[in-house]
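Student: Next input, structure requested:
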Amino acid sequence: MTHEELIALPVAVSLDTANRALLLGRTTGYSLARRGQYPVPVLRHGRQYRVARAHLHRHLGLAADAPAERA
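Tutor: Numbers count the residues shown, from 1 in each chain. Coordinates of the predicted model:
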């Protein structure tokens, strides 16, 4: 996932999108989420897992709400 894609993420993303950002495979990501060992906090809404963009950015060392760099 590129820097621009990370910055443009919505406020909350699916676990699949978070897995992609964190370079985790689908099976590994869901397994970590179920065990409460995911690298960032995971929100559970019914059967869905969601991850806040702010937690991903913080974990990846991106500045909060930083504008995307223009080429």
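
Student: can you give me the strands for this structure?
Tutor: For the chain, strands defined by DSSP state E occupy the ranges 12-14, 43-45, 48-52.

Student: where are the low-confidence patches of this protein?
Tutor: Low-confidence segments of the chain (pLDDT under 70): 63-71.

Student: And the contacts of the lengthiest helix in it?
Tutor: As assigned by DSSP state H, the longest helix anywhere in the chain is helix 26-35. For helix 26-35, contacts defined as CB atoms under 8 Å, 6 or more residues apart in numbering pick out 15-16, 18-19, 22, 24, 38-39, 42, 49. Where C-beta positions appear, they are placed from N, C-alpha and C, glycine not excepted.

Student: between those, which has the most around it?
Tutor: Highest neighbour count within these, by other CB atoms under 10 Å: A18, with 26 neighbours.

Student: Tell me, how many residues neighbour the nearest residue to that one once chain neighbours are set aside?
Tutor: Nearest residue to A18, sequence neighbours excluded (CB to CB, 6 or more residues apart in numbering): V51, at 3.9 Å. Look at V51: counted by other CB under 10 Å, it has 27 neighbours.
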